[in-house]
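S.K.: Quick one, what's the 3D model for this:
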Amino acid sequence: KLTPLKTRKISVNSSTIYEILDEYLPPPREGSILAVTSKIISLCEGRAVRIGEIDKEALIKKEADYYLPRRLSKYRIIFAVKNNILVSSAGIDESNTGGYYVLWPKNPQRSANEIRKYLCRRFRLKRVGVIITDSRTMPLRKGTLGVALAHSGFLALNSYIGEPDVFGRKLKMTKASVIDALAAAAVLVMGEGKEQTPLAVMEHLPFVKFQNRNPSPSELSELKINLKDDLYAPMLKAVKWRKGKTK
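M.R.: Take a look at the predicted model:
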């Protein structure tokens, strides 16, 4: 069950994320997950630059870990790697911003951890999760879908390695990405236009393995794949990536 929550318009430095949650979030139940769009966290953090104050391309290069030159894209899009996620424009967005370039949150993982701590303390919960979401595109498919920038309070991956399939064949590689599947569902119900629903509560999640803690460094490391080990390495390594300012 996914329930989007409508809010007022959120502008740069107009509120803290906790003021927004205090105003709009009904008491969540044990075993629920709160999805928060990265954009409202960034707006609350002041992670925005007024359009016209800086060249967008320069800003993308500053925010990116790695990027590809704009000339390589038919649509003049700069593709980048940011926080180990392949995303256009290093996550910088102009929609629903009020005339700003909005960047990703300064530290999405810290934001997820702190919001989960707030939920546990305010509502006296033990089994509650948080995901920070954004949108991205997928190669060879039209349309955007959600992706998780960070999570807290539950296992990000459900491993099927060593488990038998219906014919008894043991699976060797399969791990379900719980965080990205939930992010895709949350972003779908929160919308991409003028819905003003930057929050969503997810309930009845029997496949989620909750943890009464933040993800450990080893669990976070498990989510990342080195370029040379990636399934798509032949394509990703076929172009010359430039280092962004974060690298």
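S.K.: residues of the longest helix along the chain that come out buried?
M.R.: Ordering each helix of the chain by length in residues (DSSP state H) puts helix 108-123 first. Using 16 or more other C-beta atoms under 10 Å as the test for burial, helix 108-123 gives Pro108, Gln109, Ser111, Ala112, Asn113, Glu114, Ile115, Arg116, Tyr118, Leu119. Where you see a C-beta, it was placed from the backbone N, CA and C, and this is true even at glycine.
S.K.: tell me which of those residues is nearest to Ile78?
M.R.: Nearest to Ile78 out of these is Pro108 (C-beta to C-beta; 20.5 Å).
S.K.: Quick check, that closest one in contact with Thr37.
M.R.: No. Applying C-beta atoms under 8 Å, one finds Pro108 not in contact with Thr37, separated by 11.2 Å.
S.K.: hey, what's in contact with both of the two?
M.R.: Ile132 (C-beta atoms under 8 Å, 6 or more residues apart in numbering).
S.K.: can you give me the helices for the chain?
M.R.: 17-24, 38-45, 56-63, 108-123, 178-190, 217-222, 233-236.
S.K.: residues making contact with the last one?
M.R.: Residues from elsewhere that reach helix 233-236, judged by C-beta under 8 Å, 6+ apart: Leu86, Leu227, Asp230.
S.K.: ok, now the first one?
M.R.: Outside of helix 17-24, the residues within contact range by C-beta under 8 Å, 6+ apart are Leu5, Lys6, Thr7, Ile10, Val36, Ile40, Ile41, Cys44, Ser111, Ile115, Tyr118, Leu199.
S.K.: at 7 Å instead, please
M.R.: By C-beta atoms under 7 Å, 6 or more residues apart in numbering, the list of residues contacting helix 17-24 from outside reads Leu5, Thr7, Ile10, Ile40, Ile41, Cys44, Ile115, Tyr118, Leu199.
S.K.: which parts of it are buried?
M.R.: Neighbour counts using 16+ other C-beta under 10 Å place Ile17, Ile20, Leu21 of helix 17-24 among the buried residues.
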